[in-house]
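Colleague: fold the following.
(chains A, B, C and D)
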2 protein chains.
Amino acid sequence: MKTTKRKNMPPKERRDQLLGCAQILFFSKGFEDTTVQDVLDLAGVSKGGFYHHFKSKDELLFGVLDGMAEGVFSQMDLVASDETSSALKLLRSFTHLRANYLREHDYPGQVEFFRVMNQDKNLVLLEQFKRRVRTGAMPVLTRIIQKGRDDGTFNVADVDTAAELILFLSTFMDLALLRAIEARGTDTADHAARNLQAAIDMQFQTIDRILGLPDGTTDFGWPEAVDVTMATEPPPPPSIN
Amino acid sequence: MKTTKRKNMPPKERRDQLLGCAQILFFSKGFEDTTVQDVLDLAGVSKGGFYHHFKSKDELLFGVLDGMAEGVFSQMDLVASDETSSALKLLRSFTHLRANYLREHDYPGQVEFFRVMNQDKNLVLLEQFKRRVRTGAMPVLTRIIQKGRDDGTFNVADVDTAAELILFLSTFMDLALLRAIEARGTDTADHAARNLQAAIDMQFQTIDRILGLPDGTTDFGWPEAVDVTMATEPPPPPSIN
DNA sequence: CTCTTGCAAACCGACCGGCGGTCTGCAAAT
DNA sequence: ATTTGCAGACCGCCGGTCGGTTTGCAAGAG
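Modeller: Numbers count the residues shown, from 1 in each chain, chains lettered A, B, ... in the order given. Next comes the predicted model:
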């Protein structure tokens, strides 16, 4: 009889533990390449134990996604519930949300997270995450634009469409960001850095123009972003695992 | 001994046949849910036969993708090789490419194709396809914008970034298009149709503004697009397969 | 207060069907 | 005779199931 030792845990705790292990593995190996068994091994739990808490591997994915979205939305609620500020102030708070979050939460770690999430194998993960952020942010931004149009600050034909377009745009710089991150330490780093700055500038200039605002009204809210990004550590050379 | 009848074919023909069967299945069931065996059954060929022509299931996907991209790029080459027209004329040709293609190639069929491609299960397929189109279109659009900036027609800070942003934008209306397509025949159809028109208008207005052109310079090139779209046949009710 | 006793929740791990992919061998074509 | 196209048994692995076991805890007995 060689039954391994067993340690019961309250459901919430187990769930969180499994989600944590899954997140680590999903980020490093991608969702498709991560086996349920991988998660089990890392968490030290059995198949039966796992399927007692999760009804499928997909539920794991959604759980991880929810956890990621939580951090993003917690900041957004503050903007959403602000009833006093002007539309312009709210808009700037909104466009600064991401920069603030990045700056205050271990930026190098987030860069690496972003890099891994953008690998082909994590396409599903990334796209689902983007969708959640869009869905969650839509009502907040709509409200801001509506308010600005009502008081004449913004000049825009259709509030919902404008909000959707701006949210759509809000990931444009990510393309350049990804290239810049991957160019760190190579001889194309400077070029990529300039392109990143251009992409950031153009993204916010475009937001201004969509709303009929003078150029320079909105911005990323983090002037040193490019420099800080290029200064983060490139990942170690790929090992043969 | 019950060996089934065999019918040898030249490699090119078999490949195309398998690709055709794969496309049908990928579109209807999605890539992940389509088994290699499904393709074999539909084509009437064996595992060995299949793997004689394709080294993996992924190669099938890329093959299908290449076939799809071919049609798109054939049109683009005409614009790319036009040396005489003005930058503005070229830009309008470029923005009209998609509408022209849609109008001239069985639009209802393409609507259904678009609808299926946007289902969750086809996320990988869609994203890879978008990437290919972007990559192929980038040099063409860059050249147009460069020309327009050189002769003073366009007012833009960074040519590459502008081209990338416009290509990025060129799928914005797809969000509204998808919702409109899925609203056909329901009581929200009118609302969705208006939103689609708003999205189209805003997309091209934004392109104008990015390039410093007066509103209305670029357009989709197909005024009746929304009406025609809403008039296409909704899909039959889902069967239990 | 301690000690059974009962039981639901937590957990184990062998097992299953089906997947993508390999391999040996044969038949058709040249 | 040699090469090319193909058949189908086979393999390892994956996600998911299932019958049984262990654990924690609360209620009743002494």
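
Colleague: list the buried residues of the helix or strand of chain A with the lowest mean pLDDT.
Modeller: Using mean pLDDT, DSSP states H and E, the weakest-scoring helix or strand in chain A turns out to be helix A:107-117, at a mean of 84. By 16 or more other CB atoms under 10 Å in any protein chain shown, the buried positions in helix A:107-117 come out as A:107, A:111-112, A:114-117. Using the backbone N, CA and C atoms, a C-beta is placed for each residue, glycine as well.

Colleague: so how far is B:Ala199 from the residue lying closest to A:Pro11 once chain neighbours are set aside?
Modeller: Nearest non-adjacent residue to A:Pro11, counting by CB to CB, 6 or more residues apart in numbering or on different chains: A:His53, 6.5 Å away. According to CB to CB, to the nearest Å, A:His53 and B:Ala199 sit 42 Å apart.

Colleague: comparing those two, which residue is more hemmed in?
Modeller: In this view A:His53 and B:Ala199 are compared by other CB atoms under 10 Å in any protein chain shown, and B:Ala199 has more residues nearby, 25 against 18.

Colleague: now that one: phi and psi?
Modeller: The phi and psi values for B:Ala199, taken as degrees, to the nearest 10, are phi -70, psi -40.

Colleague: helices or strands up against the helix or strand that contains A:Ile181?
Modeller: Using DSSP states H and E, A:Ile181 maps to helix A:172-183. Under the contact definition 3 or more CB pairs under 8 Å, 6 or more residues apart in numbering or on different chains; DSSP states H and E, helix A:172-183 sits against helix A:107-117, helix A:189-210, helix A:225-231, helix B:159-169.

Colleague: in chain A, where is pLDDT below threshold?
Modeller: For chain A, the stretches with pLDDT under 70 are A:1-6, A:235-241.

Colleague: let's go with 90 and repeat that
Modeller: A:1-13, A:26-33, A:61, A:64-84, A:101-129, A:131-132, A:185, A:232-241 (pLDDT under 90).

Colleague: ok so, going back, reformat the buried residues of helix A:107-117 as a markdown table; add distance to B:Ala180.
Modeller: Supplementary listing: the buried residues of helix A:107-117 in a markdown table, determined by distance: CB to CB, whole Å:
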| residue | distance to B:Ala180 |
| --- | --- |
| A:Tyr107 | 40 |
| A:Val111 | 38 |
| A:Glu112 | 39 |
| A:Phe114 | 33 |
| A:Arg115 | 36 |
| A:Val116 | 35 |
| A:Met117 | 30 |
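
Colleague: show me what residue of chain A gets nearest to DNA strand C.
Modeller: Chain A approaches DNA strand C most closely through A:Gly48 (1.9 Å), counting by CB to the nearest atom of the strand.

Colleague: what is the host helix or strand of that residue packed up against?
Modeller: Element membership for A:Gly48, per DSSP H and E: helix A:47-53. In terms of contacts (3+ CB pairs under 8 Å, 6+ apart), helix A:47-53 is packed against helix A:11-29, helix A:36-43.
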